[in-house]
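**Student:** next one to model:
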Amino acid sequence: MNLASAAASAGASWPSWVLVVVAVLASGLLLAGPALRRRYPVAWWLLLGFPAVAFRVVRTWRPLMAGCGLAVSRRPALTVVSGLVGNGAPPPQPRVPRHGPVRPTPGGFVLLVRLLPGQVTEDFVKAAPAMAESWEVHAVRVTSWKPGVVRVVASAADPLAAPRVPKQRGPGHLLRVTVGALETGAAWVLDLRRVPHWLIVGATRSGKSTLINALVAGLAPQPVALVGIDCKGGMELSLYEPRLSALATNREQAVRLLAALVDLTLDRMSVCRAARVRNIWGLPDKERPVPVVVIVDEIAELFLVANRNEKDEAQAAGTALIRLAQLGAALGVFLVVAGQRVGSDLGPGVTALRAQLGGRVCHRVADPGTAEMALGDLNPDALKAAQAITPEQAGTAVLASGDGWERARSHLITESEAEAVAAEYAHLTPVLSELHVEAS
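**Tutor:** All right, here's what the predicted structure looks like:
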């Protein structure tokens, strides 16, 4: 009995009702597929989408590698000889890079690929668009995983088109906030304990303010002090004033507030030295001072000058920010600096400050110099992705740190929602008398 007849007889042995049930289930899945995809996209992907794409990856892997120039001839000399005296025997198949299991993610899949001798990560980076076309997915990102191995991450659809990020309820983890979604489908989390200082750049209506709204909304329920510096008269940060321990609305106030923050940081240094610990996290819970998150909106307003007096103020503000960035991580003072434009032409202290801000978020910008200032020194490859953001992609950004870079989109928090959150948690606002700033 051959295999075909065996399969036929095995199929004939199935009860007819079983075949009917299987057919009904398969038809139901196909009919319910569109509704399932709309309401439960992750379930649809795992049940229907991923199996089909995984099969496509396995089926097209060898011709795709060959077409992208990633296959290597096994023995070139033997190939020539086999064509002359091989009695019609086919030449040996070229070697292709081996890939590991295709593992699903909530919105795509990931696999590891072992490089062949002589190959580098950039070879696979160039082939990423061809992979996306062959596998019929939205995008493919290739990054180095470890020596000799690359990581291929595919997104079945654009997860940034409508990011699904649940609103944070309760205080959550200290200084850790979910603000949006990453291109991989994972949550975009800003963890100030891990990356303490951030630079956020973006043109008007690029999503910069929305990201700050999401960050403040996530920090408001936590036992932290929020401090605002908004030299545009408080137009942006005054929304959160009930939850702010201090707010400076012009440069004169900002200089005084920053000086007070430096003094606060030095006092905390003395406390840590007396307790023989290296940071505030080594202090007992009852003795640990409250963490302070300083949000600076529109950094250019601090640095642009028109006369000698303004130049002295700008220099004082820049020096204080640099000192806070150098000392703050260990002493519980964290910086979030935002601006439409960041460049060395703003002042001599801007580049030094930028170097201290290890986390970067770049939305759509009006000039390439700002993207270069934000991302160039950390991840030059991220520049093209940042410069490709269009005006229609408000909220989309490229974020980078020492760990690499990602495309992301912040969760939409409107102005009214930001005001409501600030009012709801106003009772949690710590009173820091040393930061009191008189109006001027």
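**Student:** residue 135 contacts residue 55, correct?
**Tutor:** No: between residue 135 and residue 55 there is no contact, the gap being 10.2 Å when judged by CB atoms under 8 Å. The way it works is simple: take the backbone N, C-alpha and C, and place the C-beta from them, glycine included.
**Student:** which one's more surrounded, these two?
**Tutor:** Comparing residue 135 with residue 55 by neighbour count (other CB atoms under 10 Å), the higher total belongs to residue 135, at 22 against 11.
**Student:** let me see the ranges of the helices in the stretch 1-150 of the chain.
**Tutor:** Ranges of helices in the stretch 1-150 of the chain, per DSSP state H, counting those that start in this stretch, are 3-13, 16-39, 41-44, 50-67, 76-85, 121-135.
**Student:** what ranges does the stretch 301-440 of the chain have for its strands?
**Tutor:** In the stretch 301-440 of the chain, the segments counted as strands under DSSP state E, counting those that start in this stretch are 333-339, 359-362, 396-401, 404-410.
**Student:** how about these in JSON lines, adding mean pLDDT?
**Tutor:** Converted to JSON lines, the strands of the stretch 301-440 of the chain look like this (pLDDT from 0 to 100):
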{"stretch": "strand 333-339", "mean pLDDT": "95"}
{"stretch": "strand 359-362", "mean pLDDT": "92"}
{"stretch": "strand 396-401", "mean pLDDT": "86"}
{"stretch": "strand 404-410", "mean pLDDT": "84"}
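**Student:** export the ones you listed as a markdown table, with columns for distance to residue 280 and mean neighbour count.
**Tutor:** Output for these, formatted as a markdown table (distance: least, CB to CB, whole Å; neighbours: other CB atoms under 10 Å):
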| stretch | distance to residue 280 | mean neighbour count |
| --- | --- | --- |
| strand 333-339 | 10 | 25 |
| strand 359-362 | 20 | 26 |
| strand 396-401 | 22 | 26 |
| strand 404-410 | 29 | 23 |
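**Student:** dump those into CSV; add distance to residue 252 as well.
**Tutor:** Listed next are the strands of the stretch 301-440 of the chain as CSV, based on distance: least, CB to CB, whole Å:
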stretch, distance to residue 252
strand 333-339, 19
strand 359-362, 29
strand 396-401, 32
strand 404-410, 32
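**Student:** out of those strands, which is closest to residue 434?
**Tutor:** Minimum separation from residue 434 across the strands of the stretch 301-440 of the chain (CB to CB) falls at strand 333-339, 12.5 Å.
**Student:** can you give the distance of the closest one from its chain's centre?
**Tutor:** The chain centroid and the centroid of strand 333-339 are separated by 17 Å under CA atoms, centre = their mean, to the nearest Å.
**Student:** low-confidence regions, the stretch 151-300 of the chain specifically.
**Tutor:** Residue ranges of the stretch 151-300 of the chain with pLDDT under 70: 162-172.
**Student:** in it, mark out all the strands, start to finish.
**Tutor:** 176-182, 187-191, 198-201, 225-230, 244-248, 292-297.
**Student:** format these as TSV; extra columns: mean neighbour count.
**Tutor:** Shown next, in TSV, are the strands of the stretch 151-300 of the chain (neighbours: other CB atoms under 10 Å):
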stretch	mean neighbour count
strand 176-182	22
strand 187-191	19
strand 198-201	26
strand 225-230	27
strand 244-248	23
strand 292-297	24
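**Student:** minimum distance to residue 213: which of those has it?
**Tutor:** Closest approach to residue 213 among those is made by strand 176-182 (9.1 Å; CB to CB).
**Student:** and that closest one, what does it pack onto?
**Tutor:** On a contact count with 3 or more CB pairs under 8 Å, 6 or more residues apart in numbering; DSSP states H and E, strand 176-182 meets strand 187-191, helix 208-219, strand 404-410.
**Student:** got CSV for the ones you listed, with distance to residue 253 too?
**Tutor:** What follows is the helices and strands packed on strand 176-182, written out as CSV (distance: least, CB to CB, whole Å):
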stretch, distance to residue 253
strand 187-191, 27
helix 208-219, 19
strand 404-410, 28
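**Student:** out of the ones you listed, nearest to residue 246?
**Tutor:** Evaluated over the helices and strands packed on strand 176-182, closeness to residue 246 peaks at helix 208-219, with 14.3 Å, by CB to CB.
**Student:** how about the nearest residue to residue 210, chain neighbours excluded?
**Tutor:** Excluding the flanking residues, the one nearest residue 210 by CB to CB, 6 or more residues apart in numbering is residue 410, at 5.2 Å.
**Student:** so what's the one you found up against?
**Tutor:** Residue 410 makes contact with 163, 179-180, 188, 207, 210-211, 214, 395, 397, according to CB atoms under 8 Å, 6 or more residues apart in numbering.
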